[in-house]
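Sequence first, predicted coordinates after that:
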Amino acid sequence: MFVEVRTRTSRTLGTHEESITPTKRAHLVATAQEYLEEHDAVARDWRIDLVAVEFGPRGKLMRVDVLENAVEL
């Protein structure tokens, strides 16, 4: 399992999920595949999850969400 952590202080530029563009998705998948190859990992199911962290005024933690399979392989 691989995890992408996205932190925001506002939703002005969109949600955490929206911040993963098609280009970013492709980069995440390629990086995960490269890691698996370099470490001689056995070919088995793997996924990329998203941890969305949102802070409010004065750095107050507003939410932490984990989205499984956030990046389609």
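Received it, and whenever you're ready, just let me know what you need.

only C-alpha atoms for contact and neighbour calcs from this point on.
Fine.

Helix or strand: which one has Asn69?
Taking DSSP states H and E as the criterion, Asn69 maps to strand 61-71.

again with Val51
Applying DSSP H and E as the criterion places Val51 in strand 48-55.

Hey, what's the angle from that strand to strand 61-71? Just curious.
Between strand 48-55 and strand 61-71, the angle comes out at 160 degrees (axes from the mean of the first three to the mean of the last three C-alpha atoms, to 10 degrees).

Who are the packing partners of strand 48-55?
In terms of contacts (3 or more C-alpha pairs under 8 Å, 6 or more residues apart in numbering; DSSP states H and E), strand 48-55 is packed against strand 2-8, strand 61-71.

Mind putting these into a markdown table with mean pLDDT?
A markdown table is the format used below for those (pLDDT from 0 to 100):
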| stretch | mean pLDDT |
| --- | --- |
| strand 2-8 | 94 |
| strand 61-71 | 94 |
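
Quick check: the gap between the residue located most distally from the centre of the chain and Thr7.
What lies farthest from the middle of the chain is Arg58; by C-alpha atoms, centre = their mean that is 24.6 Å. Distance from Arg58 to Thr7, counting by C-alpha to C-alpha, to the nearest Å: 15 Å.

Now do the contacts for Asn69.
By C-alpha atoms under 8 Å, 6 or more residues apart in numbering, the residues touching Asn69 are Arg47, Ile48, Asp49, Leu50.

same thing but at 7 Å, please
By C-alpha atoms under 7 Å, 6 or more residues apart in numbering, the residues touching Asn69 are Arg47, Ile48, Asp49.
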